[in-house]
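Peer 1: Everything below, folded, please.
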Amino acid sequence: RVVAAGADGVAVFEFSSPVPAVWSVGARIGGVDVTGSPQTAVFVDAVGPRVPLSVPQVAPSNGVRLAGEVAAADRAVAAEGGLVVVVAGVGGELARCPVAGDGSFACVLPGLGNGTEVSVWIEDSAGGVSPVVLLAVDAVPPSPGTVSPSDGAQLAGTGEIGAQVVVTAEDGTRLCSAVVSTSGTWACALAPLAGEGELVAVEHTDSAGNSAEFQWRIGVPRVMITVASVVRGGTQTAVGVNFQPGEAVEAVMYSDPQVVGTANADADGRVEFSWAVPPAAEVGNHLIVFTGAVSGSFQESFAVVAGGAPTGEPTGGPTGTPTGGPTGNPTSGPTAGPTGEPTGTPTGGPPGTPTGEPSAGPTGEPTGTPTGEPSAGPTGEPTTGPTGEPTIGSSYGPTGEPTAGSSVGPTASASAGGGGGKLPLTGSAALGPVTALALALMGAGALALAWGRRKRAN
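Peer 2: Residues are numbered from 1 along each chain as shown. You can find the predicted model right below:
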């Protein structure tokens, strides 16, 4: 366009170029070229040479939010408000958001599904465009990992590398935070301290913005038993506390492993087992081990004692065989020991024995000596000791030969007295006629011998 034309015939023209370029310029008057030859015109950008935009740094996205920052070289343009971020998908543009003066940006997305691919780039006000970044949406929450039992001073565990961990109390107070290290572990000191049984919230947030939160009960589990010792075949009870609410806990008795059972801890972290100790369990110390699915293993010991013979083993005396008198053999007296020959043999001597005959007293001495006859006793004739001549109503002791008025068995006794030389027996087995007669004669002879000696002494 003509800017001005002077009287001297000088004309001033002005023209522009949409892009930086080199143009040839000429002039015509009345259709006649008056320049003689074309002139060169160079057009440049009024703001200086264009600097290419760098690739933006884009963080993983959960499909709801996309964030990142531009390169340091582009932050001056961002400070002038001349940069925007464009996010596009298969169906077209999804979001357009400004870049802040510090070079950061955050765009809101329409809740894209896991694995959805998007394209991200930046533009300036002059129409400059950066290289495109391709990104797949990560909408999967992080693994919560594990947490170690805590006494309330520190909490530690594992998680997804790079995830942010925040621990808060039930009232929302932030107790501590940490970042999961490259080894997959984290730890932080609780401030203020948490008490045993208190529930805290542990939240893991990954780099894509996905989060996972769970509750953790403060306290170190322990196992308690109801009795310190139990007999074989008896019942033992063990209680576990400070496990996590709803946690599966398995109980196993050692030395020889015996699975007692599996149960879930209640809302207070308590679990209880009762079981019968095997009858064949070894006498000595044993363990009961509680293993929680998330808390780990904890144990307590107790003793197993005999408390009696094992089931199925005879209990009839030291050797299990019946006993029968001092030497273990049945006696021939009225009884033969606790488990020997049957008792209840008839007493009173052979049939026909006169009644009223004297009988042996508690010491085996004959009583009821015929009227007028002297009797052996404390003031009568002294009796011979264990090595002398046997007297009526005495014996040599457990190993001597039996005499009239004595018996082999420990409780047997017999008596001898007058009355025609008959020797009635009491408390002994019934004798046949011949044996009874022989014993009667022997008794009569013994009486005569004793009487003769007494008369000579007089």
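
Peer 1: in the stretch 101-250 of the chain, which spans are helices?
Peer 2: With DSSP state H, counting those that start in this stretch as the criterion, the stretch 101-250 of the chain has no helices.

Peer 1: shaky segments in it?
Peer 2: Judged against pLDDT under 70, the stretch 101-250 of the chain has no low-scoring part.

Peer 1: where along it do the strands fall?
Peer 2: 104-108, 117-124, 133-136, 154-158, 164-168, 174-179, 185-189, 199-205, 211-217, 222-225, 229-231, 235-241, 248-254 (DSSP state E, counting those that start in this stretch).

Peer 1: Name the residues of whatever helix or strand comes next after the last one that are buried.
Peer 2: Tracing the chain past strand 248-254, the next element assigned as helix or strand by DSSP states H and E is strand 258-264. For strand 258-264, the neighbour count (16 or more other C-beta atoms under 10 Å) marks 258, 260, 263 as buried. (Each C-beta comes from the backbone N, C-alpha and C, glycine too.)

Peer 1: With distance to F298 as new columns, can the residues you listed be given to me in CSV?
Peer 2: Output for the buried residues of strand 258-264, formatted as CSV (distance: C-beta to C-beta, whole Å):
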residue, distance to F298
Q258, 18
V260, 14
A263, 15
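
Peer 1: Just the closest of these to C107, please.
Peer 2: For these, the minimum distance to C107 (C-beta to C-beta) is 50.1 Å, reached by A263.

Peer 1: Next one: that closest one, what pLDDT does it get?
Peer 2: Per-residue pLDDT puts A263 at 98.

Peer 1: can you count the residues close to the closest residue to A156 other than its chain neighbours?
Peer 2: Distances taken as C-beta to C-beta, 6 or more residues apart in numbering place A187 nearest to A156, at 3.7 Å, with adjacent residues excluded. A187 has 13 neighbours, counted by other C-beta atoms under 10 Å.

Peer 1: And P56, how close does it get to E93?
Peer 2: Separation of P56 from E93 (C-beta to C-beta, to the nearest Å): 16 Å.

Peer 1: and if you look at R270?
Peer 2: 58 Å.

Peer 1: more neighbours, these two?
Peer 2: R270 (14 against 10).

Peer 1: So R75: helix, strand or coil?
Peer 2: With DSSP: H, G, I helix; E, B strand; the rest coil as the basis, R75 sits in helix.

Peer 1: Enumerate every residue touching the residue nearest to it when sequence neighbours are not counted.
Peer 2: Take R75 and drop its neighbours on the chain: the residue closest to it by C-beta to C-beta, 6+ apart is G103, 4.2 Å away. Counting by C-beta atoms under 8 Å, 6 or more residues apart in numbering, G103 makes contact with 69-72, 74-75, 78.

Peer 1: circling back to that earlier point, make TSV out of the strands of the stretch 101-250 of the chain and add distance to P98.
Peer 2: Formatted as TSV, the strands of the stretch 101-250 of the chain follow (distance: least, C-beta to C-beta, whole Å):
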stretch	distance to P98
strand 104-108	7
strand 117-124	10
strand 133-136	18
strand 154-158	39
strand 164-168	26
strand 174-179	29
strand 185-189	35
strand 199-205	25
strand 211-217	26
strand 222-225	58
strand 229-231	75
strand 235-241	56
strand 248-254	52
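
Peer 1: looking at the ones you listed, which is closest to A276?
Peer 2: Proximity to A276 (C-beta to C-beta) singles out strand 235-241 among the strands of the stretch 101-250 of the chain, at 5.6 Å.

Peer 1: Does that closest one pack against any helices or strands, and if so which?
Peer 2: strand 222-225, strand 248-254, strand 271-276, strand 284-292, strand 296-305 (3 or more C-beta pairs under 8 Å, 6 or more residues apart in numbering; DSSP states H and E).

Peer 1: what's next to it, contact-wise?
Peer 2: 219, 221-227, 230, 249, 251, 265, 268-277, 288, 290, 298, 300, 302.

Peer 1: 6 Å instead?
Peer 2: By C-beta atoms under 6 Å, 6 or more residues apart in numbering, the residues outside strand 235-241 that reach it are 223-226, 230, 270-274, 276-277, 288, 290.

Peer 1: T158: which of those residues is nearest?
Peer 2: Of the contacts of strand 235-241, the one sitting nearest to T158 (C-beta to C-beta) turns out to be F290, at 22.1 Å.

Peer 1: Okay, the closest residue to that closest one other than its chain neighbours and V231: tell me how far apart.
Peer 2: Nearest non-adjacent residue to F290, counting by C-beta to C-beta, 6+ apart: G240, 4.5 Å away. Here G240 is placed at a distance of 24 Å from V231 (C-beta to C-beta).

Peer 1: neighbour-wise, which of these two wins?
Peer 2: Neighbour count, other C-beta under 10 Å: between G240 and V231, G240 has more, with 26 against 16.

Peer 1: Could you report the neighbour count for S297?
Peer 2: With other C-beta under 10 Å as criterion, S297 counts 13.

Peer 1: One more: V167?
Peer 2: V167: 23 neighbours (other C-beta under 10 Å).

Peer 1: and it, what are its bridge partners?
Peer 2: Beta-bridge pairing of V167 under DSSP bridges involves C176, V202.

Peer 1: M224 bridge partners, please.
Peer 2: Going by DSSP bridges, M224 forms beta bridges with V239.

Peer 1: one step back: can you tell me which of the buried residues of strand 258-264 is closest to V120?
Peer 2: A263 (52.3 Å).
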